[in-house]
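Asker: no sequence for this one, just the structure:
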């Protein structure tokens, strides 16, 4: 519609310019050909009357606001000068007083018609005033033919202007009709149902034929009748929301087809009406329901697996404990000497059984956590004992790998209320991971300290570090980092259990690492016994910590690895 209006305006401006050109030719011809008395300036008066047409051509009327303004200004000035030079309203050019009205009619704006009437009245008033004050004192003595000629030119010009105005109106109406017809055709053939609602939410127009299982009698019915009885309140609320905020969305099932689902977008119009676009979203709804069902089934299956593994705890641990116990008896030769090779085999069985028991314990603990069957046994104790016990268990592994394992514990007690085994398991898993990824000659440092109400445990190593891609995955169950050799040494549950134990205590785990330089894992648990007040911690260093771990008397300084 905008493009059509622009074309109509362009043609109207061209027609107005042509009208002014004809006016210029007609009045110019009169100025040249009409004989004027010697005692008058009739020729100059006719030239002044023709001047607005010349101004319109010189300013290329219609190409901009400046040209329009100059043309409008030229009409009262030119006609006023013509009347002043020809004896005013008593002279032969008196009919020119109505020329501005005809000229403004041809312009492409209804406001100019009122402006033309105002200019005509202003011109007549100026002529009367000039005659009264004596400014006009010469009336040319000519016959009535000049006045009749001017009147005829004006009549033809006014008729042409009215015809142009009528033609423009008809053309605009036709363009609007064509555009309306095209829009209705588009609406009728679009895949959605488009409704026009009045200010009360009643359907006044419907576009695009409704499917067979919808109500065809929509016109004159409230919008909420599209919804089933139990969902009409939602549809009514959506219309109220559209009135308040200008837009709303709602979904419901139609009364005649409860197994289908309609999605509706509502938009408010400036006149208080509204538009509703209704589409059949049954397939999308069914697909979402299918995905939701699949997700529920997957979650149910995962929970069933976790419950199964959690219930198998006793059945898996009992035979492993027997294997480990009997192999330990054979390795220790409690019932007599054993051949050298059998003693070696017994040691391998004991070692493999212990490793398998550790893996099974991790899997069972994670399964219990996922099945929400893991409960913390909270008790007051000194956290230093749990940390020291974990360090003792990993000391042999560190010595075998020729890695320096150092612990830094405060001289005062770290009284906490937490699960003793969970705290021990956190330190044990972090230290085991650090030893696994630290090459021979490296260092693993363990720090435990109180930070207000939180117990902070930090394990830092000088190992191979973790790549950014692996760092994003770590902490999720069964996710591992490193090469194939390191991945074969575990199940990928170590850090997952650390994170899970920390979150069960209401705490958190943070991993920071630089590839090729080392890793630091910080665990903070809000478990400090509030009845115990440890001495204030030393102030944080103002200089950046060193890249490699360094052990002092009571603290371990390490790089954040970020």
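Answerer: Happy to help now that I have it. Worth saying up front: this structure is predicted, and the values here are computed from it rather than measured. Residues are numbered from 1 along each chain as shown.

Asker: Which parts of the chain belong to which domain?
Answerer: Residue ranges for the domains of the chain, per automatic domain parsing: 2-183, 193-280, 287-370, 378-557.

Asker: How many neighbouring residues does residue 334 have?
Answerer: When neighbours are counted by other Cβ atoms under 10 Å, residue 334 registers 9. The way it works is simple: take the backbone N, C-alpha and C, and place the C-beta from them, glycine included.

Asker: where does it land in three-state SS?
Answerer: Going by DSSP: H, G, I helix; E, B strand; the rest coil, the secondary structure assigned to residue 334 is coil.

Asker: What backbone torsions are found at it?
Answerer: phi -70, psi -30 (degrees, to the nearest 10).

Asker: swap in residue 201?
Answerer: Torsion angles, degrees, to the nearest 10, at residue 201: phi 80, psi 20.

Asker: what's the closest non-adjacent residue to it?
Answerer: Of all residues not flanking residue 201 in the chain, residue 239 sits nearest, at 4.2 Å (Cβ to Cβ, 6 or more residues apart in numbering).

Asker: Throw the domains of the chain into JSON lines and include mean pLDDT, thanks.
Answerer: Below are these laid out as JSON lines (pLDDT from 0 to 100):
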{"stretch": "domain 2-183", "mean pLDDT": "73"}
{"stretch": "domain 193-280", "mean pLDDT": "84"}
{"stretch": "domain 287-370", "mean pLDDT": "78"}
{"stretch": "domain 378-557", "mean pLDDT": "79"}
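
Asker: In which helix or strand does residue 196 reside?
Answerer: For residue 196, the element it lies in under DSSP states H and E is strand 193-197.

Asker: and the next element down the chain from that strand?
Answerer: For strand 193-197, the following helix or strand on the C-terminal side (DSSP H and E) is strand 203-207.

Asker: can you give me the strands in the stretch 151-300 of the chain?
Answerer: Assigned by DSSP state E, counting those that start in this stretch, the stretch 151-300 of the chain shows strands spanning 193-197, 203-207, 247-252, 262-268, 274-280.

Asker: Could you say which one of these comes nearest to residue 388?
Answerer: Evaluated with Cβ to Cβ, the strands of the stretch 151-300 of the chain place strand 247-252 nearest to residue 388, the distance being 60.9 Å.

Asker: ok now do residue 399, which residues does it touch?
Answerer: Counting by Cβ atoms under 8 Å, 6 or more residues apart in numbering, residue 399 touches no other residue.

Asker: measure it to residue 502 for me?
Answerer: 29 Å (Cβ to Cβ, to the nearest Å).

Asker: Touching, residue 329 and residue 335? I think so.
Answerer: Yes: the pair residue 329 and residue 335 qualifies as a contact (Cβ atoms under 8 Å) at a distance of 7.1 Å.

Asker: between the two, which one's more packed in?
Answerer: A count of neighbours by other Cβ under 10 Å puts residue 329 above the other of residue 329 and residue 335, at 13 against 8.

Asker: Could you check how far the more buried one is from residue 349?
Answerer: Look at residue 329 and residue 349: by Cβ to Cβ, they are 11 Å apart.

Asker: what's the answer for residue 403, then?
Answerer: 27 Å.

Asker: which of the two has more neighbours?
Answerer: Between residue 403 and residue 349, residue 403 has the larger neighbour count (other Cβ under 10 Å), namely 21 against 17.

Asker: Return the distance of the more buried one relative to residue 163.
Answerer: Counting by Cβ to Cβ, the gap from residue 403 to residue 163 is 103 Å.

Asker: if you count residues, which helix in this structure comes out on top?
Answerer: Ranked by residue count and defined by DSSP state H, the top helix of the chain is helix 145-189.

Asker: Taking strand 193-197 as reference, get the angle to that one.
Answerer: Counting by axes from the mean of the first three to the mean of the last three Cα atoms, to 10 degrees, helix 145-189 lies at 120 degrees to strand 193-197.

Asker: Just the buried positions in stretch 144-152, please.
Answerer: Along stretch 144-152, these residues count as buried under the neighbour rule (16 or more other Cβ atoms under 10 Å): 146, 147, 150.

Asker: what does stretch 157-172 give?
Answerer: With burial defined by 16+ other Cβ under 10 Å, the residues of stretch 157-172 counted as buried are 157, 158, 160, 161, 164, 165, 168.

Asker: Out of these, which comes closest to residue 204?
Answerer: Nearest to residue 204 among the buried residues of stretch 157-172, counting by Cβ to Cβ, is residue 168 at 31.1 Å.

Asker: Find the residue closest to the closest one in space, skipping its chain neighbours.
Answerer: Leaving aside its sequence neighbours, residue 168 sits nearest to residue 12 (Cβ to Cβ, 6+ apart; 5.2 Å).

Asker: For residue 57, see how far away the one you found is.
Answerer: Computed as Cβ to Cβ, the residue 12 to residue 57 distance reads 17 Å.

Asker: So between those two, which is more surrounded?
Answerer: Legend: neighbour count by other Cβ under 10 Å for residue 12 and residue 57, higher for residue 12 (21 against 15).

Asker: Are we agreed that the more buried one is in a helix?
Answerer: Yes: Residue 12 forms part of a helix when assessed by three-state DSSP.

Asker: Please verify my assumption that it contacts residue 172.
Answerer: No: checked against Cβ under 8 Å, the pair residue 12 and residue 172 is beyond contact range at 9.5 Å.

Asker: Turn the buried residues of stretch 157-172 into a markdown table, columns for distance to residue 299.
Answerer: Converted to a markdown table, the buried residues of stretch 157-172 look like this (distance: Cβ to Cβ, whole Å):
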| residue | distance to residue 299 |
| --- | --- |
| 157 | 86 |
| 158 | 84 |
| 160 | 82 |
| 161 | 80 |
| 164 | 76 |
| 165 | 74 |
| 168 | 70 |
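
Asker: now, which of those sits nearest residue 254?
Answerer: Among the buried residues of stretch 157-172, residue 168 lies closest to residue 254 (Cβ to Cβ), at 47.3 Å.

Asker: State the distance from that closest one to residue 219.
Answerer: Per Cβ to Cβ, residue 168 is found 35 Å from residue 219.

Asker: same thing with residue 238?
Answerer: Counting by Cβ to Cβ, the gap between residue 238 and residue 219 amounts to 20 Å.

Asker: Compare those two (neighbour count), which wins?
Answerer: Each of residue 238 and residue 219 has its neighbours counted (other Cβ under 10 Å); residue 238 has more, 23 against 12.

Asker: Leaving out sequence neighbours, find the closest residue to that one.
Answerer: Leaving aside its chain neighbours, residue 238 sits nearest to residue 250 (3.7 Å; criterion: Cβ to Cβ, 6+ apart).

Asker: how about the one you found, what does it touch?
Answerer: When contacts are counted by Cβ under 8 Å, 6+ apart, residue 250 touches 234, 235, 237, 238, 264, 266.
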